[in-house]
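Engineer: Let's see this in three dimensions:
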Amino acid sequence: MNKDRIISVALILIIIFKVVDLYIDFSNGVQTQHILQEVLLIAISLALFIYLMLDMAKRSINTSRLIAQLNQSKSYTEALNKQVLDTKQKFFDAIHAQFNDWKLTPSEKEVALLLVKGLSTSEIAAVSKKSEKTIGNQASAVYKKAHVSGRHELAALFFETLI
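Structural biologist: Below is the predicted model:
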């Protein structure tokens with residue numbers, strides 16, 4: 001925008017100086033051809049100034065429109081993010097409620113949640129710093145209490161309700 005202002009000020013100054021010069025030339029009886037050249041230069045400068053002003057106004061309107069669209073998109077994205085977080089919270093609340101219904105111990109709940117998230121027993125052992133055998137025993141207890149045969153059925157219990 002600053003260069004537009006500089007150009008518009010320069011055009012105004014050119015127009016003012018040329019009008020003053022035209023007045024002086026007209027007063028001194030300068031040839032008609034020279035006066036016509038200066039009138040033409042003033043007209044061109046004025047046309048360029050008007051074009052620049054209209055272009056600046058158009059860009060300002062477009063910028064305002066884009067800012068409004070951006071704000072609308074931000075609001076929409078924030079609403080979607082909130083909806084996703086709410087849905088995620090409800091999903092995990094439902095998982096924990098089911099774990100409570102199955103009467104899982106805190107350790108079994110931790111293992112069950114990691115199984116539902118898709119971790120293997122060796123990955124769960126590494127994360128929880130327990131032996132694979134301990135994790136395997138806890139996983140078996142979870143499967144038994146949930147009446148499923150393995151991790152895939154356990155996950156399916158929760159994800160089938162989403163579909």
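
Engineer: I'd like to know which elements whatever helix or strand Gln98 lives in is packed against.
Structural biologist: Under the criterion of DSSP states H and E, Gln98 resides in helix 32-101. Helices and strands touching helix 32-101, by 3 or more C-beta pairs under 8 Å, 6 or more residues apart in numbering; DSSP states H and E, are helix 2-27, helix 106-116, helix 151-162. All C-beta spots, glycine's among them, are computed from the backbone N, C-alpha and C.

Engineer: Can you list the buried residues in the last one?
Structural biologist: What that stands for is helix 151-162. Buried positions in helix 151-162, judged by neighbour count with 16 or more other C-beta atoms under 10 Å: 151, 154.

Engineer: Same question for the shortest one.
Structural biologist: Of the residues in helix 106-116, those buried under the neighbour-count criterion (16+ other C-beta under 10 Å) are 107-116.

Engineer: Which residues are in contact with Ile14?
Structural biologist: Contact partners of Ile14, counting by C-beta atoms under 8 Å, 6 or more residues apart in numbering, are 41, 45.
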